[in-house]
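Enquirer: here is a sequence together with a model predicted from it:
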Amino acid sequence: GESVGLHLPTLSVQEGDNSIINCAYSNSASDYFIWYKQESGKGPQFIIDIRSNMDKRQGQRVTVLLNKTVKHLSLQIAATQPGDSAVYFCAESRYSGGGADGLTFGKGTHLIIQP
Amino acid sequence: DSGVTQTPKHLITATGQRVTLRCSPRSGDLSVYWYQQSLDQGLQFLIQYYNGEERAKGNILERFSAQQFPDLHSELNLSSLELGDSALYFCASSARGMNTEAFFGQGTRLTVV
C-alpha cells in the first residue's frame, strides 16, 4: 500500500556538523510533507513543512528539500547541536472533502549527536 | 509545552478491560486527532474530530471509539483490551482542519497485562 518510509534507522553525527535525514514516499497525491522531531518521553514536535508544489523551504537552521521526480524528501539540520538528538519522522498530509485527513508517518530516524 | 493536555500519563490495566483516555486541546483549537505509537507499527493515525464531529478515520479498530464534547475536549475509549493494544496514545490539536499545524500532547502510555 501507500506509505512513507525512512532509509536509515540511526544517524550519528559530530556536534557542529550538518545532518541530513532522508525519507522516501510513495503517494504522489500528498499535499504537504512534514518533519516532526520526537524527544524521549515527549510527543512529536512540528519542525517544518513543505507544500507539494515547492521543492525547497528553509526555517531556522533547517531546510527541507522535496524531489517529486524520485519521491524523496530530506531534512537538513545545520550546525547540529546536542539538543537536536531525537527521533525524526517524515509525514505526509492529504486534503480531502472539507479538511485534512490524518498524517501518515514514516518509521523514524534516530539522530545521535557525538560530542 | 505544546498546550495539549492528556490524562492520565500512564495506565496499566488487564486484558478484556475498558479504559478512557482524555485530551484537552490547545485553547481555541477546533480539531483533535488521535494517534497510536507502538514499536512495530510506528505512529498511526486513528481518528479526527472537528468542532464536535468526526472528520476522518484512520486505522482505528472497532473496539476503539472517540468523541469530542461541546467544550472541545476529546476522549478515546478502548474496550476489550488486548496485549497488543499496549502503546503510547497521542492526541494532537490544530486550529482548523490542517494537521500540518498540529500540536501533540505528551501522550498516555497504556500497558495491558
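Expert: Happy to help now that I have it.
Enquirer: around chain A, pick out the residues from chain B.
Expert: B:2, B:4, B:31, B:33, B:35, B:42-48, B:50, B:55-56, B:58, B:90, B:92, B:96-107 (Cβ under 8 Å from any Cβ of the partner chain). For the C-beta atoms, the positions are set from N, CA and C on the backbone; glycine is no exception.
Enquirer: next, the buried residues of stretch B:1-12.
Expert: By 16 or more other Cβ atoms under 10 Å in any protein chain shown, the buried positions in stretch B:1-12 come out as B:2, B:4, B:5, B:6, B:11.
Enquirer: ok, those vs chain A, which is closest?
Expert: For the buried residues of stretch B:1-12, the residue nearest chain A by Cβ to the nearest Cβ is residue B:2; the value is 6.6 Å.
Enquirer: pretty sure the closest one contacts residue A:45?
Expert: Yes. Residue B:2 lies in contact with residue A:45 (Cβ atoms under 8 Å); the separation is 7.4 Å.
Enquirer: so what sits against both of those two?
Expert: Residues touching both residue B:2 and residue A:45 (Cβ atoms under 8 Å, 6 or more residues apart in numbering or on different chains) are residue B:104.
Enquirer: mind listing the strands for chain B?
Expert: When assigned using DSSP state E, the strands of chain B occupy the ranges B:5-7, B:10-13, B:19-24, B:31-38, B:42-50, B:53-57, B:64-68, B:74-78, B:87-94, B:103-104, B:108-112.
Enquirer: again with chain A
Expert: A:4-6, A:10-14, A:19-25, A:32-38, A:45-51, A:56-58, A:62-67, A:72-77, A:86-93, A:95-96, A:99-100, A:104-105, A:109-114.
Enquirer: among the ones you listed, which comes closest to residue B:16?
Expert: Closest of those to residue B:16 is strand A:104-105, at 29.6 Å (criterion: Cβ to Cβ).
Enquirer: helices and strands around the closest one, which ones?
Expert: strand A:86-93, strand B:42-50 (3 or more Cβ pairs under 8 Å, 6 or more residues apart in numbering or on different chains; DSSP states H and E).
Enquirer: which strands and helices sit next to the last one?
Expert: Spelled out, that is strand B:42-50. Where contact means 3+ Cβ pairs under 8 Å, 6+ apart, strand B:42-50 is packed against strand A:99-100, strand A:104-105, strand B:31-38, strand B:53-57, strand B:64-68, strand B:74-78.
Enquirer: need the least confident one among the ones you listed, by mean pLDDT.
Expert: When those are compared on average pLDDT, strand A:99-100 comes out lowest at a mean of 56.
Enquirer: which residues of chain A lie near chain B?
Expert: Counting by Cβ under 8 Å from any Cβ, chain A sits next to chain B at A:32, A:34, A:41-46, A:49, A:89, A:91, A:93, A:95-96, A:98-108.
Enquirer: out of those, which end up buried?
Expert: A:32, A:34, A:43-44, A:46, A:49, A:89, A:91, A:93, A:95, A:99-108.
Enquirer: buried ones in stretch A:20-31, by neighbour count?
Expert: Buried residues in stretch A:20-31 (16+ other Cβ under 10 Å): A:21, A:22, A:23, A:25, A:30, A:31.
Enquirer: how close does the second one sit to chain B?
Expert: Yep, that's residue A:22 we're talking about. Distance of residue A:22 to chain B, computed by Cβ to the nearest Cβ, to the nearest Å: 17 Å.
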